[in-house]
Structures are given as C-alpha cells and as structure tokens.
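Student: Any chance you can model this:
(2 chains)
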Amino acid sequence: MVPDSAHSTEIPLHRLQPGQCAVVRRVDSDGDEVQRLKMLGVCVGRRVEVVRAGDPLIIRIFSSRIGISASLASQVWLELCTPGHCAMKTPS
Amino acid sequence: MKDVSPNHGGVISAGVSRQRNYKSLPSLRPAPDQILTLALVGNPNAGKTTLFNALTGLRAKTANFPGTTYEQKIGRAQFDGREIVIIDLPGLYSLESAAPEEKLASDTLHGRLPGRSKPDAALVILDATNLERNLFLASQVLELDLPVIVALNMMDMALNDGIHIDIDRMRTELSCPVVPISARTGKGLADLRREITRLAEPAKVTDLPAVIRDKPDCGMGCGGCPFQARYEWTEALSGKVSNVAAARRSQRTEKLDEILTQPAIGLVVFAGVMLSLFTLIFWAAKIPMDLINRLFEVMGGGINALVPAGDLQSLLVDGVVGGLGGVLVFLPQICILFFVLSLLEDTGYMARAALVTDKLMRRLGLPGKAFVPLLSAHACAIPAIMSARIIENWRDRLVTILVTPLMSCSARIPIYAMVTALLFPHSPFKAAMLFAGAYATGIIFAMAVALVLRRTILPGGSQPLVIELPPYRLPGWRTALLHTFDRAKIFVQQAGTVILVISLVLWTLSHYPKSAAPERAVALTTQAAQLDKSGQTTQAEQMRVAADRLTAQSSLEHSYAGRIGHVLEPAIRPLGFDWQIGIGILSSFAAREAVVSTLSIVYGLGESGEDHPNSLYDTLQHAVRSDGTAVFTTATCASLLVFYILAAQCLSTSAVVRRETRSLKWPIFQIVYMTGLAYFAALVVFQVVSRFVQ
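Tutor: Below you'll find the predicted structure:
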C-alpha cells in the first residue's frame, strides 16, 4: 500500500509546516491517546494540514480542527503532497 | 481497546448493499401502548444536548448508568400521544472508544449493560458541516441490529458555509431515514418527531435490513488501520451526497483562532476571560446571596416566633435553617459558574482554553482541561470536582480531583476576611496583599501536591492532548440554563444532605450536655428584673443581652463540643490555637465559614457577632487567655490562616469525591493529606512567626 518512493519522503506530523498538505502513511504506537487520534480521523490514508505549528499544534483534517500534543504528533508519519503530486491519489 | 467489534470491514460495502428504499425499514412493533426507547448518539459538539433538550425539555431526569456513577440523562416525550423515552448517551467519536464514559454509550447501544435491555432504536445526530468525521460513528451504529434515524444537525450552519447536502441521496445510501434539522432554531424538529413516531407504528414491512457483514472480519489483527476503511467510506459518501470539497466555508473560526490559539496572546485572552468570569461570580452573585441570607434569617425569625424558646427552636433555627442556609448561600455562585462555563463550552472557546493552558498544566502533570475544575474550585470545590469529568483519562482526573479542594473556595473568604482584619485592621493595602497571598498559597500548594502525586502514587505525566476545536458558534441559552439547573440540583442534593446531617450532629455536640447558667449571668438577669421594675427598660435589655452571651459562652464551653475543644487543645497548642479555636475548627466541618460565628459565641460576643463583623474583630483582638496573654497574636492569626487555606474541612466535598472516585479510599486519602499538610504548615508558620514577631 505504501508506494516505493514514499519512505524517503515520510516526515512526522510535528515537522509538517503550516500550509503544507500531507497524507498519513503510518501511525506508530497503539496507546489510548493514539486510538483517540485515529477515531478523530488521523489514520492511514487521510489528508492532514497543519494550521498552527508548535506544541500543542493544530491540524486540519476533513473540515475539523484538532489540537494535538507534539509528542503524539511525532508518532504520525506522513507523505508530503508536492506540486503535481497529491499523495492522496497514490494507488492503494 | 479490548472491545473491538468484529465488523470493521463491513461498512465498505454498505454504500452498495444499502441501496434499498429506507421505507422498507421495519418498524418496531410494540403494542400501541408500549413505550419506545430511543438512544441518542453522536459526536461531541454535534449538538446532541441541544437536540435532547429540544425533544424532551424539562421532563428529563438525570440517572446513573447501572452500577456506575456516570450519569445519563433520560427524557420522556409524547409524540402524537405516544410515549417515547430518549436516553442521552455521552458524546463519542467511535463505538470502540476506551474512555469509560464512552464505553458505557457503546455498551448501551449493544445491549451489554447489565439489567438494561437494548434500546428499541438509535437516533444518530450528525453535524452537517463535518460529515466526513460524523459519518464514522453513524456507520458503526448502522451496523448494529437497531433501527436508526439520522438527524442531520446544524443545517443552518452548513447552508451558511455553502454546503449543500442531497438528503434523498443520503437516505438511499444509508438506507435509513435522514432528517435535516437545526436543533438550536427548532427547524426540522417536527419532521424528526414524525419520523420517530413512525418507528413505533405497527410494521408494514417486516424484513430487517440486512446488516452488512459480507466482508471478512478485519479488526486490529489484519495489520492495517481499522479506521482507514471506514474513513475511506465516509469520505466517499460525503463526496457523493454533498459538495464538501467545493464549499466555501466561513473563515470566522480560522480568523478567531489566529488570535485565540496563539500561545502568548491566547493565554492573555484566557486570563481575561477567567478574570471576567470570577468578577461575575463574586459581584453578580452578591445580591442573590444577600437575598438568600435574608430569606434564611426571616425563616429563622419565623420559627423563633412560632416555636417556643428551647431546644426545638434552637435545633430548627441553628441546626436546620442555619445549616441549610450555609450551603444554599453558595448556590448563586455555583449557578453563575455553571451557566457561564456552559455558554463558553457551547461557543467552542473551552477547547481553545484547554489548548493554550495545556503546556503550562502539563508541567504540573495535569492536562490542559484541568483548568476548569481548578478555576471553578475558587467558587466551590463541589461543582469543580463534578466538572473534572471533562478529563477523559482516569489518572489525570484523579490527580485533579485530589488537589482541587486546596484552591480557596468562597467559604474560606469569611475566615480570610477575619484574619486580615485582625492582622491589618488599619491597612487595606496590606490586608488586600494578605488576601491575595492566601489565594496564591492555595494554588502553589495545589501545584506542589500535583507534582508530588505524579512522582509517587500516581506516577507518569498527563495524557497527551487530543482535542477537537469545534467551529465557533453562538451559544444556546436554553441548553446552558438546563445544564445549570441540573448541576444546581446535584449540588443541593449532595451538599444539602451532608450539611444537614453534619449541622444536626454539630448542633447536638454544642448544645449537650446542658449546664446551668453561670453565676454572673444569673446575677445580671436578677438585676435586669429589678431595673425593669424601676422603669429602666433599655438598661435592663442590655443586661439581658449580656446575660445571654455569658450563658451561650458557658454552655458551649461545657458542651461536648467544648470538651472536644479541650481535648484537642494539647494537639493544636503548638499551632498557637486554644480550645476555643478548637471548637471553631470542629464547627468548620459543617461549613468552613461557621468558624466565624462559633468564635463569636465562644469569645462571648453572642450570636449577633456575625452581623457586626467589626465588633467581632474588636472582641477577638482583645481576647485574652487565662494568663492574660492575647489569643490572636500575629503568629496565631498567620497560623490560623494557613490552616484554613490547606485543611480538608468540607465533608460535602469529601462526599462528592467519594461519588466521583467510586471509593472511600480517595476521599480519606484527601482528608488525611490535606489536614496533615495544614497541620505542619500551620505549625511551621506559628513557630517561625512567634520567634520573630511578639
């Protein structure tokens, strides 16, 4: 499901710059709070955007905004969307 | 997350297989007189409470989930003459949530709660402006063997955001009734009621909709993300039924959040909001508090007039009316607190406040949301401890509950006022500084205790923050009022019961055994009678008042309470307290502020001392021990102040802690640690201050 080129460009969510768009590729850890994150939509295949960087940071997912501790965000790995390449459209 | 339902994959096919007319939905077939039970389920912030209130109004009752102390609201409604029971389940994002309260919601829907049968149907409320996420829960509920009605809420907001939803398409996709509503304005509610009554009608078609389970189980075991499949489905469905992607949403939330979630400005705004809240609590509540005080005075006066003087009168006036008045006087503050907090919550601001305070609170081992109970505790610890429920993680909640009563509640104000007046009678500035210092002491000790607890019995940091920041909205007054009413009721029941019992116990302790009036009082009474005969009634009256004071003082000294005070004296002597203060501390168990009136009696000012604080302070300032030394020295005052800041003296609070922690262990632990802390802090303060200040 993860395209070959993806691994090299994976970055953790807390490193994503505001305005950049990326797609969740994997979520490490399975703790209660990560489960909560997934319930809110931060799970594999979803597109996220950072609204405010920092700790806690604010992300946009679908049309909702979620505040997350940076420690949690560091467990969410993303593939960046680049001009001409939307990570969302990678075949799964 | 042990409780993963076995059909994660199922929903993917839902979009295809559910292509049937929702009209074939089987109606429940209860006998016409049978009551239909409807479970109301939805994401937090989807407007669940507003809808619940709109459907049931004041007929809702708060009850506990069987076997727990978690509350659920159950409302009855009559639609078309048919009785409907609506259960308001806690808001949740997924039926697989691990949070205890959310698990109860899911257990209710699954019919897994002991002694409670499955509801007859589920009413799923969705936020139309956030379909992609809200449909996640809906998809899970649709997989249960339950008839489902979907209420598409916030349609007015969606329209403002330029979101158009094809309701008919959604009905076919979900194969269940979908009713567009706006719970706040009441639009669409008539349609919703109609749809609910249809459920209860005798069935025309009997086949149950096939619950889609044709995909193999893919729980946590399949390696993939179990949420992924469902979210792919919700995104696809949202795209099919609405123009979410193309909609031009209002930028209001973004613009406001640029300011309100900015780390520095956000904190300043937070401080401003909370300061306004407290100004409101302390200023706006003053008039109703005075009214309540007066009401209880009038009631006491009425009883005095109706019931002949004696034990019964004293029991009714001092025990019952006095005890209840002491609690109910805080009701205005509590109502304002809950009302404003509920409004703030409704606007979406509370989530931002939790966000900006998170970093600060985290250093103490507390979550950002802990600011709600910790700040509320400055009014009263009881509602504050109840409000700790917003903290999902149990250990985080427990640490918060344990330190909350260290905050200076309103009941401490009379004591702070008394001590500051004794120490700095002529310097309002110094008095104000001392007052502020007392508040700061409570806060600092709460932080220290939180840190210690996090390094000892409840180790670890607070749970990392995950919080939804809902769009800013105008708050609903009705919801806030009903919420306030609800909380106030719990406060009166909880605190009222405990206080009544304790007041009665303390009344007994301070009125028995009976002792004869002291000689001087007898002499004064005799003199007064003589003066009466010679026509000097004013002087006679004064003497009688003096005699009454002496009698009250002496009877308290010889009562059980007085004896306990004497027994306590050796233990509290190192803190600079005498037996009189010992009685005061004892009486504080009914209500902290009771110490002021007790001291007023025990130092011979009579019960009127409370109404004339300045004469009380004068008396106390001149109170001397048998050896002629002053009682209220600087050291004793400072020690008394510190003791009252830190000691656990409110048994109503302990009762609420017991209720919220579902154990006796934690309230007892709390009483022991707080009283121990108070004792040692007061000891240190007295010993140090008495060395330096005479």
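
Student: Going by C-alpha atoms from here, please, whenever you check contacts or count neighbours.
Tutor: OK.

Student: and the residue nearest to the spatial centre of chain A, what are its bridge partners?
Tutor: Geometric centre of chain A, nearest residue: A:V24, 4.1 Å, by CA atoms, centre = their mean. Beta-bridge partners recorded for A:V24 (DSSP bridges): A:L78.

Student: Can you pull the phi/psi pair for residue 62?
Tutor: You didn't pick a chain, so chain A it is. Reported as degrees, to the nearest 10, the phi and psi values for A:F62 are phi 50, psi -130.

Student: Let me rephrase: I mean chain B.
Tutor: Main-chain dihedrals, B:T62, degrees, to the nearest 10: phi -100, psi 130.

Student: so what pLDDT did it get?
Tutor: Turning to B:T62, the model gives it a pLDDT of 73.

Student: so who does it touch?
Tutor: For B:T62, the contacting residues are B:E71, B:Q72, B:K73, B:I74, B:D486, by CA atoms under 8 Å, 6 or more residues apart in numbering or on different chains.

Student: what do you get for B:V657?
Tutor: Contacts of B:V657 by CA under 8 Å, 6+ apart are B:I385, B:I401, B:W666, B:P667.

Student: And those residues, which is closest to chain A?
Tutor: Ranked by distance to chain A (CA to the nearest CA), the contacts of B:V657 are led by B:I401 at 21.0 Å.

Student: re the thing from before, so the residue nearest to the centre of chain A makes contact with A:Q75?
Tutor: No: contact status for A:V24 versus A:Q75: not in contact, 10.6 Å apart, counting by CA atoms under 8 Å.

Student: host element of B:F435?
Tutor: Element membership of B:F435, judged by DSSP states H and E, is helix B:428-455.

Student: ok, residues contacting the top helix by length along chain A?
Tutor: In chain A, taking DSSP state H as the definition, the longest helix is helix A:32-39. The contact list for helix A:32-39 (CA under 8 Å, 6+ apart) reads A:C43, A:L72, B:M1, B:Y93, B:S94, B:S97, B:A98, B:F227, B:Q463, B:P464, B:L465, B:V466.

Student: Could you pull out the helices in the stretch 401-550 of chain B for me?
Tutor: Taking DSSP state H, counting those that start in this stretch, the helices of the stretch 401-550 of chain B run over residues B:413-423, B:428-455, B:477-511, B:519-533, B:537-558.

Student: pretty sure B:N160 is touching B:R252, no?
Tutor: No: with contacts counted by CA under 8 Å, B:N160 stays clear of B:R252, the gap being 11.5 Å.

Student: Among the contacts of B:V657, find the lowest-pLDDT one for me.
Tutor: The minimum pLDDT among the contacts of B:V657 falls on B:I385, with 93.

Student: list the contacts for it?
Tutor: Neighbouring residues of B:I385 by CA under 8 Å, 6+ apart: B:P373, B:A377, B:I401, B:T404, B:V656, B:V657, B:E660.

Student: quick revisit: the contacts of B:V657 in helices, which ones?
Tutor: With DSSP H as the criterion, helices contain B:I385, B:I401, B:W666, B:P667 from among the contacts of B:V657.

Student: follow-up on the earlier one: when B:N160 and B:R252 are compared, which one has more neighbours?
Tutor: For B:N160 versus B:R252, neighbours defined as other CA atoms under 10 Å in any protein chain shown are more numerous around B:N160 (15 against 11).
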